[in-house]
Each structure stands twice: as C-alpha cells, then as structure tokens.
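S.K.: with the sequence up front, the predicted model follows.
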Amino acid sequence: MSQVAAEVVRVAGPVVVARRAEGAPSIRVRDEVAVGEERLVGEAVSLAGETATIQVYEDTSGLRPGDPVYEARGPLSVELGPGLVGKVFDGLERPLDEIARLAGGFLARGVRVPPLDRKRTWSFTPLIERGGLAAAGAVLGTVQETPAVEHRILVPPDASGRAEYVAPAGEYTVEDVICRLAPEGGGPEVELRLFHRWPVRTRRPVAKRLPPEIPLVTGQRILDLFFPIARGGVAAIPGGFGTGKTITQHQLAKWADADLIVYVGCGERGNEMTQVLTEFPKLIDPRTGRPLLERTVLVANTSNMPVAARESSIYTGVTIAEYFRDMGYNVALMADSTSRWAEALRELSGRLEEMPAEEGFPAYLPTRLAEFYERAGHVEALSGREGSVTVVGAVSPQGGDFSEPVTVNTKRFVRCFWGLDKALASARHFPAINWLDSYSDYVDSVAGQWGSERNRTWAELRTEALSLLAEEDRLQRIARLIGKDALPEAERLVLTTARLIKEGILQQGAFDPIDTYCPREKQLKMLEIVLHFHARARALLPAGCPMIRIQGIGAIDEMLRMKTEVPNDRLDLLDSVRARLVEEMDRLERDYR
C-alpha cells in the first residue's frame, strides 16, 4: 500500500473516522486499509459520503487528525497454505513467534510479518497434468506439512480453467508459481501458488451440505453417552469462572476423533493462554505418539491485546478450519470464549455510537453469532471429498447467569448445550456438566452409529440413565427435608444407582492415565453393568431383600472403580466385574426366594 486514500479526522479508541483524499479512489466497506505512518491494520466498517469509519486492529495511541490512511487492497483476508499447522497466530494471522523474534515479548504496533514463511521450501507432488481441467476447489498436488498432516494444495474457489503449466515434483516456496490456468471463458492466465488468500468474513463455498450423522467421539463419557455431538455439529459450553470450560476444551482437542484442531483463544486472560501455549507443545497425540501440535493451529488473542483484533480472531480461526475441511479433513474448532468476542463487539459498537440493545450489546449480536455457528457443517467440498467443521464455543456468562444475552442467543443457534455447574465444580465433580440443564439434538442422528450391549441399544440405556438421574434430583429435594432413611426402599435404590452413575460414570479424571479417555465400547459396557445392577436390585425388593443388604455387596465398589482400574485395552475385565455382580445378586436372590 502506497497511495494515500484518506486523511484521519477523528480518533475514538480503536475507531477512526477518515475523509477521502482528493482524487483518491473510494474505500469500500470491509476493505483492509493501513492507518497512520506506522500503517496500522484497519478495516472500513461504514461509509457516509466522503468519510469512512475504520475499525483499527492495533493500538491507536498517538494517532491524530491529519494522519494518512493508505489505499485498500481488498477485504480483510488470511493466507492459506503450507505452514499453518503447528503455528501460533494472533487474530490477524500474524505469527507470534516471528513477531517475538523481531520486536520482543510484547506485541509491537505496525509490525508486518507474513503469516507463511516465504523462505521455507516444501516438497510438492503434483496430482494434475498439463492440459487437464482444474475445477474450483480441485486438488493440484500435495505437500507433507507435518508427519500427521498431508497438505492438499487447492485451486482457490474463485478460480478454474485448463492447466497450461504444472510445476514438476520438487522443492518450492509458497510464492513460487506451481500452476497456470487458462480460464475456459477466455481472459488472462491465472497463476497459482502453494498458498492463496481468502476473506475471513466470507464462507468458503461447498458442493453440498450433508446431514450430521457421524458422532464426533470425544472419549468423555458424559458427552458421548448422554449429550453427543456429530461431526459438523455445533456445541456451546457455558459456565462461570472455575467451572472447567478451558480444561474441557483441552480434553476435546486432545481426544476428539478430528483430523485437525483449530484452537482460538479469544479475549481470555494472558495467563490462561500462556498455559495453553506451554502445555500444547508437550501434549502427545494419542493417534501418532508425536506432539499434538503437529495437527493443531492456535490463534491467540488475549484480553490485553487490541479489542478489535479479538473480534477478528473468531473469523480467522473458522476460515482456517474451512480451508482444511475443503481438503477432506474433519476439523474441530474450539473457540474460548465467544463471550469475550461479544464484549469486543459491544465495545466497538459503543465507539461507533450505535444504538445498544440488551445489556449494551449491539442489536446485531444474534446475527453475528448465527453467522459464526452456521459456518460449521458436514459437507461435500468442491473437490468431491467429504469434510467437516465442528464448532465448540465456550461461553463465559458473568456470575454464571445463563439468562444473559450471549448465552441465551447462543442457545438459539447450537444443537448441543453442555452447561457447566458451579455447585458441581465446588464439589470437585469434573467435568462439571449438569446433566439436567444440558441437552443434545444429535441423539437421533447418531443413534445408528452406536452399538448395543446385552441386546439393549445405546438409546435405551441412555434414556433409562437420564430418567434415573432426573428422579434422583427430585428425591434429593425430599430427602433434604425428611432424611434418606425415611424414603421407601425403591426410592433409596434410585439414589444408590444414581450415585453409581454420577461417581462411577459421569465423573472423569482428566489427569488420570486411564480415565482421561474412555472408548465408546467401554462406556457402553460400564453403563449396562450399572443399569443391570438396578434391574436386579429392583426385582429383589418385592421379595423382602432390604437395601442395606444390596448396598453391602462388593460389586458396588468395583463398579465405582472400574473407570480407573480397567485399562482401555482390557475390556474383558469389565465382563469379570459383571460376572461378580451377577454372582452376588444370584446369592441374594437365593436367600430371599
């Protein structure tokens, strides 16, 4: 950018008003511009006659009326190509490690570092031949980006034609031309490189949207068994401070059966993001035994970074996720947290002097939330490959109030709601997901992907377990008034079984070497064993067997310990737990026959 397009006339925090310079081309809404002599990154958000309102993504301290605004180069975009995986970017896709090397440990203003390394070479293998037709979204060739990720070089969605030149296999930088396309309708040749740019606020096109029917297996029992999410689905994790939103997303990032993880730290405290950035490189990918970072992209915008960049970080993350989806990968996007993103919208809206809605948030908050979550999905990409973007957004309601605008509007657009409970967290019950407040609309969609245990389907076992938990909640309120011992035997059995479900199944230790991940087969067997206990005990009560005898069997302790004592590769040991249970229940049955 060199030509002056406008002149600053007013500065209000991250919002700058500029008047078009005489003879300069007009700035368009959503154009990216450079503001001031330091050329701060900005984006035009509204126009009125000869003036443009610009949202600046860097600290505007020192800007003053009369400073230049340099001409636009199109909409705010990101670079998509080899070099994304394993890197840490800010909300504008600037590599933080390179910025730290050039400018020190603090984010300096006006630093320009290309998102993708211009000097590094990549081993490119072409997959099309000269003279072949390359449609929009087709795979030109491949680059092995990390041991875990084969990077498929795509024809941009807005380009197509016949290949007049295809680079032979070899080493290339991201700026080298690897293909030239002659558009079928005529016109100049289009040069393609290992990377292309794409506007962050524009959804990447797809050939077809597919129904979300394949479960995204997380290895977390309360999610997989009771509130599953499908690949291409959307979920929200709302919860107050200390309820475990971040660690839940860490578990999903590590164990979910997604090919790639895009983690967006949006407006979180600097120490939390520091923990993420220091822990992620140490995490081992259970699939490959190599660092998890080899299939992860991190976007970090902490609360002490410019507020406008926080607003853009969500779009940067979801655009990168869509790019890998178009290659045919299943991508999981973790956004932590959308509340901080909404707060950035509120601050910018106030600076723009827009009419506020509930609690000061802009009236278009629901629209922005919908636009973000609708970019998830299970699709057939333009290349013909199937891929998905699953979005899990953390919500941080003030004081844990789920009736505040961000949580309420988020519930309108997500189909999976994992509500975190402060009381459960205080009781050290983790994950602190409240089974009464949470829900999933993907249950019917993914039911066909689950197996059965002892001729009972997952859906039947799930329904019975949730019914017992709901009944236990009602009985606990009564027990607090009259005491548990005053309850009938059948109701005391419900309390006992619910305890086995809560402590033996729903509680899961993120730092336990066995319990941190639980395969679906183990989950189903564990739930069937507990519900088999309930069925056998319920049949014994009419025969006169007291609850004290039932509660005294040794199998109860085994059921509470099986989550940590049965290795995931020794599920036959669960059959031994069930056999012990059957043996003890048979003995009681003989005593009271």
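M.R.: Everything's here; your move.
S.K.: list the contacts for the closest residue to Tyr439 other than its chain neighbours?
M.R.: Setting aside the residues directly before and after it, Tyr439 is nearest to Phe417 in space (C-beta to C-beta, 6 or more residues apart in numbering), at 5.3 Å. Every C-beta, even on glycine, is put in place using the N, C-alpha and C of the backbone. With contacts defined as C-beta atoms under 8 Å, 6 or more residues apart in numbering, Phe417 is in contact with Phe227, Ala235, Ala236, Pro238, Lys411, Asp437, Ser438, Tyr439, Ser440.
S.K.: cutoff 7 Å now
M.R.: Shown in contact with Phe417 (C-beta atoms under 7 Å, 6 or more residues apart in numbering): Ala236, Lys411, Ser438, Tyr439.
S.K.: what helix or strand is the second one located in?
M.R.: When elements are assigned from DSSP states H and E, Lys411 belongs to helix 405-413.
S.K.: quick revisit: now the contacts of Phe417 in TSV, with secondary structure, distance to Glu358 and pLDDT?
M.R.: As requested, these are exported to TSV (DSSP: H, G, I helix; E, B strand; the rest coil; distance: C-beta to C-beta, whole Å; pLDDT from 0 to 100):
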residue	secondary structure	distance to Glu358	pLDDT
Ala236	strand	18	96
Lys411	helix	15	95
Ser438	coil	24	96
Tyr439	strand	24	97
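S.K.: which stretches of the stretch 51-200 of the chain form strands?
M.R.: For the stretch 51-200 of the chain, the strands defined by DSSP state E, counting those that start in this stretch occupy 51-56, 68-70, 77-80, 88-89, 122-126, 133-134, 139-146, 149-154, 161-166, 170-172, 177-182, 190-193, 196-199.
S.K.: which stretch among those strands approaches Pro291 most closely?
M.R.: Closest to Pro291 of the strands of the stretch 51-200 of the chain is strand 139-146 (C-beta to C-beta; 9.0 Å).
S.K.: buried set for the closest one?
M.R.: Neighbour-count burial for strand 139-146 flags Val139, Leu140, Gly141, Thr142, Val143, Glu145, Thr146 (criterion: 16 or more other C-beta atoms under 10 Å).
S.K.: equivalent analysis for stretch 153-162, please.
M.R.: If you call a residue buried by 16+ other C-beta under 10 Å, then stretch 153-162 has these buried ones: Ile153, Leu154, Val155, Pro156, Pro157, Ala159, Ser160, Gly161.
S.K.: now do stretch 298-317
M.R.: Under the neighbour-count criterion of 16+ other C-beta under 10 Å, stretch 298-317 has 298-303, 305-317 buried.
S.K.: mind listing which of these are in helices?
M.R.: Assigned to helices by DSSP state H, the following of the buried residues of stretch 298-317 qualify: Val307, Ala308, Ala309, Arg310, Glu311, Ser312, Ser313, Ile314, Tyr315, Thr316, Gly317.
S.K.: CA atoms only for stretch 220-236, dumped as PDB, please.
M.R.: Output of stretch 220-236 as PDB, limited to C-alpha atoms (Å, rounded to 0.1, in the frame of the first residue of the first chain):
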ATOM      1  CA  GLN A 220     -15.600 -38.100  27.600                       C
ATOM      2  CA  ARG A 221     -18.400 -40.300  28.900                       C
ATOM      3  CA  ILE A 222     -20.900 -37.600  29.800                       C
ATOM      4  CA  LEU A 223     -20.600 -36.200  26.300                       C
ATOM      5  CA  ASP A 224     -20.500 -39.400  24.300                       C
ATOM      6  CA  LEU A 225     -23.100 -41.300  26.300                       C
ATOM      7  CA  PHE A 226     -25.600 -38.600  27.200                       C
ATOM      8  CA  PHE A 227     -25.100 -35.500  25.100                       C
ATOM      9  CA  PRO A 228     -23.300 -36.500  21.900                       C
ATOM     10  CA  ILE A 229     -22.200 -34.100  19.100                       C
ATOM     11  CA  ALA A 230     -22.000 -35.100  15.500                       C
ATOM     12  CA  ARG A 231     -19.200 -34.200  13.100                       C
ATOM     13  CA  GLY A 232     -20.100 -30.900  11.600                       C
ATOM     14  CA  GLY A 233     -22.200 -30.000  14.600                       C
ATOM     15  CA  VAL A 234     -22.200 -27.000  16.900                       C
ATOM     16  CA  ALA A 235     -22.000 -27.000  20.700                       C
ATOM     17  CA  ALA A 236     -21.700 -24.500  23.500                       C
END
